[in-house]
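Asks: The sequence isn't on hand, but the structure is:
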């Protein structure tokens, strides 16, 4: 079950974090992979790990935010083992740099564009290129969204809006491309600890986040890969247009709670010290 042997899978942002976890799960299921990203070092490290599992892995460093970068990635994937097809494409590349988030009332055009372009615009064009490559063979496209796409996201409103757009596009792509036997689904992770998020998250904030999760732990990168394997496998051949949240059972918007806690503390302080600005 869930055997991906002889399948070609592309994972963007495959060198780190959730992308690396997805690539690992695909390799464990037998898929051959093309992993892309901007930094060669993490890609090479990931490739060495995956090759030890007995699959072929091609490293394709490049910029997914350029049409020629996407085209090169498609060409590389089609050439893998001479198969001439892409069985699954995972749009994992996406993030929001600390300097590009903040209160919506203060957000400038550059902050908005950088986050929305990476997470929505170029996710669309990568999916479009994958669909064109799958036009005659069918295949599976997996978009990585976020729980931020379906809940309030104070201080990261541009990121949440972009991910909401990804989920809308996922449903529309599934309808428009279904007759080509192209399935399009999305995974919306909750709070997942990665190399970068662990470095930026304080212990107190981590404890507050855990308190909102019924399973009483934050996500790990390897929690996301198994669902991606299902979406890539033949067993999901009648599953399309879905968005599945992987959140440990959490239904509480952590960002909104943190924001409201901060504002309520400020309000209490003003009440206790009249005249404080």
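Replies: Perfect, thanks for sending it. This structure is a prediction, so every number in the text was calculated from the model and none was measured.

Asks: Scan this structure for its longest strand.
Replies: strand 182-189 (DSSP state E).

Asks: C-terminal to that one, what's the next element?
Replies: strand 192-193 (DSSP states H and E).

Asks: Give me the residues contacting that next one.
Replies: 17, 18, 201, 218, 219, 220, 221, 223, 224 (C-beta atoms under 8 Å, 6 or more residues apart in numbering). C-beta here means a position set from N, CA and C on the backbone, and glycine is covered the same way.

Asks: List only those of these flagged as buried.
Replies: Burial by neighbour count, judged by 16 or more other C-beta atoms under 10 Å, picks out 17, 18, 218, 219, 221, 223, 224 from the contacts of strand 192-193.

Asks: how about CSV for these, with pLDDT, distance to residue 206 and secondary structure added?
Replies: Shown next, in CSV, are the buried ones among the contacts of strand 192-193 (pLDDT from 0 to 100; distance: C-beta to C-beta, whole Å; DSSP: H, G, I helix; E, B strand; the rest coil):
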residue, pLDDT, distance to residue 206, secondary structure
17, 96, 16, helix
18, 97, 18, helix
218, 94, 7, coil
219, 96, 12, strand
221, 95, 16, helix
223, 98, 16, helix
224, 98, 19, coil
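
Asks: Confirm that residue 78 sits in a helix.
Replies: Yes. Assessed by DSSP: H, G, I helix; E, B strand; the rest coil, residue 78 belongs to a helix.

Asks: State the three-state secondary structure for the closest residue to it other than its chain neighbours.
Replies: Of all residues not flanking residue 78 in the chain, residue 84 sits nearest, at 5.5 Å (C-beta to C-beta, 6 or more residues apart in numbering). Using three-state DSSP, the structure places residue 84 in coil.

Asks: Let's see the pLDDT reported for residue 84.
Replies: The score at residue 84 is 98. That number is its pLDDT.

Asks: Equivalent analysis for residue 160, please.
Replies: At residue 160, pLDDT is 97.

Asks: And for the closest residue in space to it that isn't next to it in sequence, the neighbour number?
Replies: Nearest residue to residue 160, sequence neighbours excluded (C-beta to C-beta, 6+ apart): residue 153, at 3.2 Å. For residue 153, the count of nearby residues is 25 (other C-beta atoms under 10 Å).
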